[in-house]
Structure formats: structure tokens, C-alpha cells
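**Q** the following block contains a protein sequence and its predicted model.
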Amino acid sequence: MKKYGVNELREMFLSFFEEKGCLRLNSFSLVPHNDTSLLIINSGMAPMKPWFTGQEIPPRRRVTTCQKCIRTGDLENVGKTARHGTFFEMLGNFSFGDYFKKEAIPWAWEFLTERVGLDPERLYPSVYVDDDEAYNIWLNDMHVPAERIYKFGKEDNFWEHGSGPCGPCSEIYYDRGEKYGNGPEDVMGGEGDRFMEVWNIVFSQFNNDGHGNYTDLVQKNIDTGMGLERLAVAVQDVGSIFDVDTLKSLSSQIIPAR
Ligand code: GLY
């Protein structure tokens, strides 16, 4: 596999989804607008909530972005794991009542295996425990063996952050190999750094009012979150997100204080 740089991977993702009909938009600001449920933008979908709910009309029903993010809920993990950062870039493709599971899953697989060249045998999808439709797409259309498809509950495979659009999700983990972890936590879906989630496809079909009351959205949407730095960790086979080419070129210039 070619060891693509962060800047190459960002461009590869955005142009791949342009080929699939998505409109490329710039990152939105890190400061939310008209959203009192968030202090800082935490995901690609957050600035687009009105397009998911149908309150506003998007410029196109298929969009792709690379969004600047800070995920306050993950800050406790920064410095403890190889895969959490304060600031990160999240690549996304989004469907507002347009394409759904049958397109989003094969496109994720095509990008990771054919464009980037990750070994398909190191990729492990997970689905929400009740989501037979997504499970069957992985099994029958993508031909991933049943023993590599995991079913997880709400804690792992239902995406929501406060109020707003949410839904069951299907994630793709990459097995970095034993050299990056061989403890009891280094199992598929575990807290260790060996199996690293790189891609999350949310089947965004509910609205959470912020008090745990769910209603159906007017349309079924796709909300994808793909951590750019995490993908670079897998592709470059480096120890952590702080070792990818862009961050390394900065940190290598810092002269230790005497
Ligand atoms: N919105 C999906 C994610 O950030 O993983």
C-alpha cells in the first residue's frame, strides 16, 4: 500500500465523493451558529443539522466536506490513547433524503480498499444490533465473512450528540496488528489501540429533542464521519495520530528545552 500523506488522503476522499455526485463545501467554522446545544463543532454533520431535519434546503442533496472538529467528550482520552486528539479533521459525505445504506456502505468499502488500498482482511464492520439491512449488505453484497461483522448495542452503534438528527450506525475498524496492542482491551470494538475505528456511517433517521424523545425525520439521511488523522495512522503504519506526516513535520522542529 502506498503511504499517502494527510493532504493526499483529504483530497482523495473529497474528489472520490465528488465523483459520486456530492457537492464539495469548505469546512464550516468551529463556532456553532444558531445551535445552543453545542459549545464547539464536534462533527461534520453538526453545522448541517437544518439540512438533515428538512428545516432548510441544502445547496445539493449530496455534500462532502472536511470539517474542523473538537470533540469535547473525547478530551479525557487525549494523550492516553493513540487515536484521540483535541483538534482533528473529519471527512464526511452526506445525503439529505437521497442515497442511503445500499450506496453508502459500498462506497466506504470501495474508497478504503480500492482507492486507498487498505487490506480488506484487516477491516471489520460493525452494525447496530437490530439493523439486519446493514448487516446483510456487508455479508451478501460486500462479501465480508460473518465472523468479521460485529453487532453492537446503542452505546457503540447509535450515533447522537445532544439534541438533533441521530440514528443507528455502521462503523469500520482497522486491525493495526498485534504490535500496536495485545492486551485484553485489544479486541474488536474494545478500548485498546489495535482495532481502530476509522469510518462511521450514520443512518440518520430520527430527531432527538435533547430529552431522549425520538421522532422520525421527514427524510432518511446519511451522515458519515471519517477521521482523517486516523486513516493516515493506518495508511502510514505509525504509532499514533501525533506521528502522521503533517504533525511529525511540526513536532520534529520543536527543539527540547534544556
Ligand atoms: N457524525 C458521525 C461521526 O461523527 O462519527
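**A** Arrived safely. Residues are numbered from 1 along each chain as shown.
**Q** how many neighbours does the nearest residue to A146 once chain neighbours are set aside have?
**A** Distance criterion C-beta to C-beta, 6 or more residues apart in numbering; nearest residue to A146, sequence neighbours excluded, is L139 at 6.0 Å. C-betas here are computed from N, CA, C, even on glycine. Counted by other C-beta atoms under 10 Å, the residues lying close to L139 total 17.
**Q** now L139: how far from W109?
**A** Separation of L139 from W109 (C-beta to C-beta, to the nearest Å): 13 Å.
**Q** ok, E155 next?
**A** Counting by C-beta to C-beta, the gap from E155 to W109 is 25 Å.
**Q** repeat that for L91.
**A** For L91, the distance to W109 - C-beta to C-beta - is 15 Å.
**Q** also M142?
**A** 5 Å.
**Q** could you do S240 as well?
**A** From S240 to W109 the distance is 26 Å (C-beta to C-beta).
**Q** equivalent analysis for D74, please.
**A** When distance is defined by C-beta to C-beta, D74 is 26 Å away from W109.
**Q** more neighbours: these two, which one.
**A** Per other C-beta under 10 Å, whichever of D74 and W109 has more neighbours is W109, with 22 against 16.
**Q** that one: which element?
**A** Element membership of W109, judged by DSSP states H and E, is helix 101-109.
**Q** kindly export that helix (C-alpha atoms) in PDB.
**A** C-alpha atoms of helix 101-109 as PDB (Å, rounded to 0.1, in the frame of the first residue of the first chain):
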ATOM      1  CA  LYS A 101     -27.400   2.300   3.000                       C
ATOM      2  CA  LYS A 102     -27.200   0.500  -0.300                       C
ATOM      3  CA  GLU A 103     -24.900   3.200  -1.700                       C
ATOM      4  CA  ALA A 104     -23.100   4.500   1.400                       C
ATOM      5  CA  ILE A 105     -21.700   1.100   2.600                       C
ATOM      6  CA  PRO A 106     -20.300   0.000  -0.800                       C
ATOM      7  CA  TRP A 107     -18.800   3.500  -1.400                       C
ATOM      8  CA  ALA A 108     -17.000   3.400   2.000                       C
ATOM      9  CA  TRP A 109     -15.600  -0.100   1.100                       C
END
